[in-house]
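Chemist: Give me a model of this one.
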Amino acid sequence: MVSSADPVTMEIPPKSPDGSEKSPPSKELLTSNTASTLCISSRSESVWTSAPRSKWDIYHKPVIVVSVGAAVFLFGIVITSLSCILIKNKKVYKMCGPAFLSLGLMLLVCGLVWIPIIRKKQKQRQKSQFLQTLRSFFFNR
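Modeler: You can find the predicted model right below:
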């Protein structure tokens, strides 16, 4: 009698509902497929749901980036101005001030550029939804 742990054992592949035979998926493929399916479904879920989103849901990330960038930029201005006013630790202020200025300005500009990109994407999404409804209206008759 052959045990189930024997590697020579041949199993009959399960039949699908349409009658074709398929080989069972390996465990390695199953785990990697599950991870990619979760990632894909989380991305495509927002595309297929047509629930209206609030302005905050759409623009909260760039608003946060702009706010943080403005705060860091203002902090850089304060630190840089301290290097002109104070005599003690002048080298530290002269090094840190421009670093905060540049970091804050970079975040501020990235957030301000991100907003028109989102607006353009929203307009394209509205156009594609309109075209899909027209296409389904004419081709599903």
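Chemist: State whether Arg53 is indeed within a helix.
Modeler: No: assignment of Arg53 by DSSP: H, G, I helix; E, B strand; the rest coil gives coil, placing it outside any helix.
Chemist: Next, it: phi, psi?
Modeler: Torsion angles at Arg53 (phi, psi; degrees, to the nearest 10) stand at phi -100, psi 150.
Chemist: And it, how close does it get to Gly104?
Modeler: From Arg53 over to Gly104 the distance is 29 Å, taken as CB to CB, to the nearest Å. From N, CA and C alone the C-beta is placed, and that goes for glycine too.
Chemist: More neighbours: these two, which one.
Modeler: Per other CB atoms under 10 Å, whichever of Arg53 and Gly104 has more neighbours is Gly104, with 20 against 11.
Chemist: Got the confidence number for that one?
Modeler: Here the pLDDT value assigned to Gly104 is 96.
Chemist: and if you look at the one 10 residues further on?
Modeler: According to the prediction, Trp114 has pLDDT 95.
Chemist: phi, psi of it?
Modeler: Per-residue torsions, Trp114: phi -70, psi -30 (degrees, to the nearest 10).
Chemist: show me the contacts for it.
Modeler: Lys61, Pro62, Val65 (CB atoms under 8 Å, 6 or more residues apart in numbering).
Chemist: List just the nearest of the residues you listed to Val72.
Modeler: Closest approach to Val72 among the contacts of Trp114 (CB to CB): Val65, at 10.6 Å.
Chemist: wait, that closest one sits on Leu107?
Modeler: Yes: using CB atoms under 8 Å, Val65 is in contact with Leu107, at 5.6 Å.
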